[in-house]
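In: structure, please.
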Amino acid sequence: MFPIGANPWIWTSPVTDDALATLVPRIAAWGFDAIEIPVENVGDWSPTRTRDLLAAHGLTAAAVLSVTPPGRDLVNTDPDTVRATQDYLRSLVDAAVVLGAGSVCGPAYASVGRVWRMLPSERAACYASLRAALLPVAEYAGAAGVAIGLEALNRYETSVVNTVAQTLTALEGLPPNVGIMLDSYHMNIEEADPFAAITAAGPRLVHVQVSGSDRGAPGDDHIDWPRWLSTLAATGYRGPICIESFTGENEAIAVAASIWRPFAPTQDALATNGLRYLREVCAALP
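Out: A predicted model of the protein is given here:
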């Protein structure tokens with residue numbers, strides 16, 4: 001029902017041409033359908049080289065992912081930072097066009113880990129600033145046939161957008177090619193009713209990431225995955241679902257994602273166990 005993908009962050013960071021040359025053949029051999037590719041820094045990997053590598057191994061590009069370390073922000077920052085972040089996002093759109101990926105997704109609004117308190121009026125102003133800053137990127141992407149998917153993060157990683165309801169509010173008035181990327185890990189923390197949230201997101205769903213409630217493999221956790229995926233299917237979404245987890249071997253990514261322990265005997269096992277379980281659940285869906 002859904003193409004199933006993997007994120008290279010399961011094994012490595014940063015994602016580079018050399019890393020992809022090693023990982024893509026393995027990801028394809030395990031039976032994945034797709035791969036989502038983060039861009040930590042423009043130039044880490046070549047879109048044309050990656051396009052040819054994926055084609056050679058029968059994988060599709062599920063999405064290009066934005067990465068927001070300190071200094072990549074669209075809200076509550078200075079104009080130069082906004083312009084630089086817009087330029088970064090446009091470069092991701094260009095990469096998506098080369099790869100044939102339908103979307104650029106991620107928490108493009110503010111750097112991960114940056115939090116501040118907002119009164120309701122301040123939040124409304126923040127969302128207005130986000131819409132103004134994202135609009136030129138959305139128009140650029142729309143002209144190229146690329147969608148933008150905003151990802152809500154949990155409260156420990158951002159104070160800007162934590163839930164589907166907030167995301168929908170933040171998107172009001174933006175072009176229809178701007179929508180939502182769901183991430184089951186963040187939803188497990190923030191959504192009182194994740195199934196209602198999936199349904200609410202349905203009309204604007206762009207991309208979906210899945211991982212266990214502990215950031216491990218789907219199926220090795222407490223999430224009701226048959227209900228989760230059947231609710232997703234009921235929205236009409238038929239795009240990729242991509243397993244996103246992280247290696248603890250890279251200090252920067254381990255600290256950013258709070259990866260303090262392994263979630264499986266090996267990272268390969270995390271990916272393949274998750275793939276096998278998702279295939280089983282999807283095969284049983286109506």
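In: give the contact list for the nearest residue to Pro14 once chain neighbours are set aside.
Out: Nearest in space to Pro14, with sequence neighbours left out and distances taken as CB to CB, 6 or more residues apart in numbering, is Glu40 at 4.4 Å. Backbone N, C-alpha and C define where each C-beta goes, glycine included. Applying CB atoms under 8 Å, 6 or more residues apart in numbering, we find Glu40 in contact with Ser13, Pro14, Val15, Val67, Pro69.
In: select the longest helix from this protein.
Out: Of all segments of type helix in the chain, defined using DSSP state H, the longest is helix 120-143.
In: mind giving me the packing neighbours of whichever helix or strand comes after that helix?
Out: Using DSSP states H and E, the helix or strand that follows helix 120-143 in sequence is strand 147-151. Here strand 147-151 touches strand 103-106, helix 120-143, helix 164-171, strand 178-183, strand 205-210, going by 3 or more CB pairs under 8 Å, 6 or more residues apart in numbering; DSSP states H and E.
In: the fourth one packs against which elements?
Out: Packed against strand 178-183, as judged by 3+ CB pairs under 8 Å, 6+ apart, are the following elements: strand 103-106, strand 147-151, helix 164-171, helix 194-201, strand 205-210.
In: now that strand: mean pLDDT?
Out: With pLDDT averaged residue by residue, strand 178-183 scores 98.
In: residues making contact with it?
Out: Contacts for strand 178-183 (CB under 8 Å, 6+ apart): 63, 103, 105-106, 134, 138, 147-153, 164, 167-168, 171, 197-198, 201, 204-209, 211, 232, 244.
In: next one: the longest one
Out: Counting contacts by CB under 8 Å, 6+ apart, the residues outside helix 120-143 that touch it are 74-76, 82, 85-86, 89-90, 93, 104, 108-109, 118, 147-148, 160, 169-175, 177-178.
In: how far is that helix from where the chain is centred?
Out: 19 Å (CA atoms, centre = their mean, to the nearest Å).
In: please write out the alpha-carbon positions of that helix in CSV.
Out: C-alpha atoms of helix 120-143 as CSV (Å, rounded to 0.1, in the frame of the first residue of the first chain):
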residue,chain,number,x,y,z
PRO,A,120,-1.0,33.6,22.0
SER,A,121,-0.5,37.0,20.3
GLU,A,122,3.2,36.3,20.0
ARG,A,123,2.5,32.9,18.5
ALA,A,124,0.2,34.4,16.0
ALA,A,125,2.9,36.9,15.0
CYS,A,126,5.4,34.1,14.8
TYR,A,127,3.2,32.2,12.4
ALA,A,128,2.6,35.3,10.3
SER,A,129,6.4,35.8,10.0
LEU,A,130,6.7,32.1,9.1
ARG,A,131,4.2,32.4,6.3
ALA,A,132,5.8,35.6,4.9
ALA,A,133,9.3,34.0,5.0
LEU,A,134,8.1,30.6,3.5
LEU,A,135,6.0,32.1,0.7
PRO,A,136,8.8,32.9,-1.7
VAL,A,137,10.2,29.4,-1.2
ALA,A,138,6.8,27.9,-1.7
GLU,A,139,6.3,29.8,-4.9
TYR,A,140,9.7,28.7,-6.2
ALA,A,141,8.9,25.1,-5.3
GLY,A,142,5.5,25.3,-6.8
ALA,A,143,6.9,26.5,-10.1
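In: which parts of that helix are buried?
Out: Neighbour-count burial for helix 120-143, counted by 16 or more other CB atoms under 10 Å, picks out 123, 126-127, 129-131, 133-134, 137-138, 140-142.
In: check stretch 25-45 too.
Out: Using 16+ other CB under 10 Å as the test for burial, stretch 25-45 gives 27-28, 32-40, 44-45.
In: re earlier: closest one to Asp224 among the helices and strands packed on strand 178-183?
Out: With CB to CB as the criterion, Asp224 lies closest to helix 194-201 of the helices and strands packed on strand 178-183, at 8.5 Å.
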